[in-house]
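Asks: Here is my input; please provide its structure:
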Amino acid sequence: MNKGFAHGLKVDRIYDGQRIAVVADEAERAAIASRLELDRIDRLEAHATLTRDGDVIRAEGRLAAALAQRCVITDEPVAAHVDEPFTLEFRPEPEARGPEDEIELGQNELDTIFYDGAIIDLGAAVADTLALSLDPFPRSAGADAALKEAGVMSEAEASPFAVLAALRRGDES
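Replies: Presented below is the predicted three-dimensional model:
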């Protein structure tokens, strides 16, 4: 679990329809930024409604964040905003089996988080949801110019049609 944004909720105190907000303070944002290799996180919060069916707890809500990632080309900071709906399902950990046994999740269970039976950690789940919402290849405004200066062709320039057009014009490029 993510110790940078722990917001444990005791399962026996969660009631159906409960609304909750988790807002990361400065230290929590710094810890998450470090873990996710972000330049900084200026804002991170989530608002959710909890529903429960026995030991299964469902959190539906919205994640909002303002942050800066590093450009994969220039290493300059790139401002980013995340505003994503989420649905998470917390289930008690299945009974232990042999060390070789795996737990398989179906397509509808991809946002399932197992918990120890007593506490769910909505903060850690929100931090993980943020990680999955980030642009994996952030690019600054100067990225295209830096690539061109380094001699890297754009997709349009490198396409087979561009090469054929250049040959037709008699270009040697």
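Asks: Every contact and neighbour count from this point should use C-alpha atoms.
Replies: Fine.
Asks: V72 reaches P138, doesn't it?
Replies: Yes: using C-alpha atoms under 8 Å, V72 and P138 qualify as a contacting pair, with a distance of 6.0 Å.
Asks: Looking at the two, which has the bigger crowd around it?
Replies: Counting neighbours by other C-alpha atoms under 10 Å for V72 and for P138 shows that P138 has the greater number, 19 against 15.
Asks: Next, the more buried one: secondary structure please.
Replies: In the three-state summary, P138 is assigned as coil, counting by DSSP: H, G, I helix; E, B strand; the rest coil.
Asks: what does the model give it for pLDDT?
Replies: According to the per-residue confidence, P138 scores 85 in pLDDT.
Asks: tell me the contacts of it?
Replies: P138 sits next to Q69, R70, C71, V72, V78 when contact means C-alpha atoms under 8 Å, 6 or more residues apart in numbering.
Asks: just checking, next helix/strand downstream of the helix or strand of the chain with the lowest mean pLDDT?
Replies: Comparing every helix and strand of the chain by mean pLDDT, DSSP states H and E singles out helix 155-158 as the least confident one, with a mean of 64. For helix 155-158, the following helix or strand on the C-terminal side (DSSP states H and E) is helix 160-169.
Asks: and that next one, how far from the chain's centre?
Replies: Counting by C-alpha atoms, centre = their mean, to the nearest Å, helix 160-169 is centred 40 Å from the centre of its parent chain.
Asks: got it, and stretch 35-51?
Replies: For stretch 35-51, the separation from the chain centroid amounts to 9 Å (computed by C-alpha atoms, centre = their mean).
Asks: what about that stretch, average pLDDT?
Replies: For stretch 35-51, the per-residue pLDDT averages 96.
Asks: Could you list every helix and strand that the biggest helix by length in the chain packs against?
Replies: In the chain, with assignment by DSSP state H, the single longest helix is helix 122-133. Counting contacts by 3 or more C-alpha pairs under 8 Å, 6 or more residues apart in numbering; DSSP states H and E, helix 122-133 is packed against strand 8-10, strand 56-70, strand 77-92.
Asks: which residues make contact with that helix from outside it?
Replies: Among residues not part of helix 122-133, those counted as contacts by C-alpha under 8 Å, 6+ apart are 1-9, 22, 32, 36, 46, 63, 65, 82, 84, 86, 88, 113.
Asks: Any of those residues buried? List them.
Replies: Buried positions within the contacts of helix 122-133, assessed by neighbour count (16 or more other C-alpha atoms under 10 Å), are 2, 4-7, 22, 32, 36, 46, 63, 65, 82, 86, 88, 113.
Asks: Check pLDDT for those residues and point me to the minimum.
Replies: pLDDT across the buried ones among the contacts of helix 122-133 is lowest for N2, at 45.
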